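Enquirer: Got a predicted structure plus its sequence, pasted below:
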Amino acid sequence: MKLVVQVKLLPTPLQAAALEVTLQACNEAATWAASVAFEKDALRPLPLRKHTYAEIRGRWGLGAQAAQHAIKKTCDAYTTLKSNLRAGRYGRPGTKRHTRASGKPVTFRPQAAQPYDDRMLSWQHEQRTVSIWTTAGRMKGVAFTGQAEQLAVLAAHRRGESDLLRRDGKWFLIATCEIPEKDLNAHPIGFLGVDLGIVNIAATSDGERHFGRRINRKREGDRELRSKLQKKGTKSAKRRAKKYAGREARRNKDINHKISKRIVAEAERTGRGIALETLTGIRERARLRKPQRTTLHSWPFAQLGGFIAYKARRAGVPVIYIDPAYTSQECSQCHHIERGNRPDQASFACRSCGFVEHADHNASHNIARRGWMAWVCGAQSTAPELTLIA
């Protein structure tokens, strides 16, 4: 399976200046190529190469491989735009948003990612340095760092291209790795149900609740600060809001990694599969008060589901997605479904058999049972092909 590993570059000031000039030149060339592609309707690499290759090399001083990658990046951007337009992500044809997206050439930010292949970039894993092409020539001895586990994966399994990008003044390389998968456990003894919620981000059918009220208090503080900065509206307030938004996203991602790691490890240890709710439309399905809607919408549940799926795939743990309808109202003992079974957000009390349990755990038992039934009926394990792990 394919994963991507992000490592941080530690260039000297002179090296950073050379990288910045290179990245800016590549993106300027790609923006110019995008305008030519739009004007001449040459949206595939071969036709666009005929119109732009020579000038990109002469005007911006890009090497042969860098010029090819700038052209391919342009074509990929138009392919993505076309797919998004077809899927309706920019509204219906004729609307202002749709016309604005389709009626002008694609542009690239000066610090947008630039692909590098093995002819432009080589890794020295023992020294933790890279040798990388720049417009000023080959630059050797650029240091990089990362977590030990990620660097081990990088050294053992890196294949294909890597992307150079600059984010918040820092330099990164994002490398593609081919990870061998474990054989799928075709005979699980059961399924670990995972219920995603508001108070507890995740609750399992084993009775474990992940990151409840403590993290919610922190999230509430983040929302209050964000609201305060938005009301202030000054340049410094906007700059600070952007800084805190990045910090909040990184913290949420780290928590999702921790939750998914623990869930997959428990399922692997006990020889079970994992049953998850289908996340499509989760925000539209939930009927909540405004404060609860804010809590629900501010957490990246899709990211958590993706992390669980790809970690499970690496471990050979089957993952089943089930219809979440009425999992919170159904009794996990007698299977009686009634809205009145939920007297409040945290409690479940069956009006038929009298069974009482924490609402999230009751729902997770229902999810586990439905996952097992789906597996017995022939459902297949599902996991993404490419996921960011760093």
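Expert: That came in fine, so what should we check first?

Enquirer: Only C-alpha atoms from now on, for both contacts and neighbour counts.
Expert: Will do.

Enquirer: what pLDDT, on average, does stretch 134-146 get?
Expert: Across stretch 134-146, pLDDT averages out at 95.

Enquirer: Give me the distance from it to the chain's centre.
Expert: Its chain's C-alpha centre and that of stretch 134-146 lie 27 Å apart, by Cα atoms, centre = their mean, to the nearest Å.

Enquirer: Check stretch 70-85 too.
Expert: With Cα atoms, centre = their mean, you get 20 Å for stretch 70-85.

Enquirer: Next: stretch 131-151.
Expert: Taking Cα atoms, centre = their mean, one finds stretch 131-151 lying 24 Å from the centre of the chain it belongs to.

Enquirer: Let's verify R109: helix, strand, or coil?
Expert: Applying DSSP: H, G, I helix; E, B strand; the rest coil to R109 yields a three-state assignment of coil.

Enquirer: same question but for T74, I mixed them up
Expert: helix.

Enquirer: What about it, how many residues nearby?
Expert: 26 (other Cα atoms under 10 Å).

Enquirer: Could I get the full set of helices for this structure?
Expert: Ranges of helices in the chain, per DSSP state H, are 13-40, 45-60, 64-87, 96-102, 148-157, 213-232, 235-270, 282-285, 290-297, 301-315, 359-376.

Enquirer: okay, these, which one's buried deepest?
Expert: helix 359-376 (a mean of 24; mean count of other Cα atoms under 10 Å).

Enquirer: Show the secondary-structure elements that that one is packed against.
Expert: strand 191-196, strand 202-204, strand 273-277, strand 319-322, strand 347-349 (3 or more Cα pairs under 8 Å, 6 or more residues apart in numbering; DSSP states H and E).

Enquirer: Could you tell me the angle between that helix and strand 273-277?
Expert: In terms of direction (axes from the mean of the first three to the mean of the last three Cα atoms, to 10 degrees), helix 359-376 departs from strand 273-277 by 120 degrees.

Enquirer: Now tell me what touches helix 359-376 from outside.
Expert: 190-195, 197, 200, 203-205, 207, 274-277, 320-322, 324, 327-332, 342, 345-348 (Cα atoms under 8 Å, 6 or more residues apart in numbering).

Enquirer: Got the domain ranges for this structure?
Expert: According to automatic domain parsing, the chain comprises the domains 11-114, 191-385.

Enquirer: May I see the ones you listed organised as CSV, with mean pLDDT and distance to S162 added?
Expert: Below are these laid out as CSV (pLDDT from 0 to 100; distance: least, Cα to Cα, whole Å):
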stretch, mean pLDDT, distance to S162
domain 11-114, 95, 8
domain 191-385, 84, 17
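
Enquirer: Out of the ones you listed, the one nearest M139 is which?
Expert: Evaluated with Cα to Cα, the domains of the chain place domain 11-114 nearest to M139, the distance being 7.6 Å.

Enquirer: closest one to D41 among the helices and strands packed on helix 359-376?
Expert: Across those, closest to D41 is strand 319-322 (Cα to Cα), at 41.7 Å.
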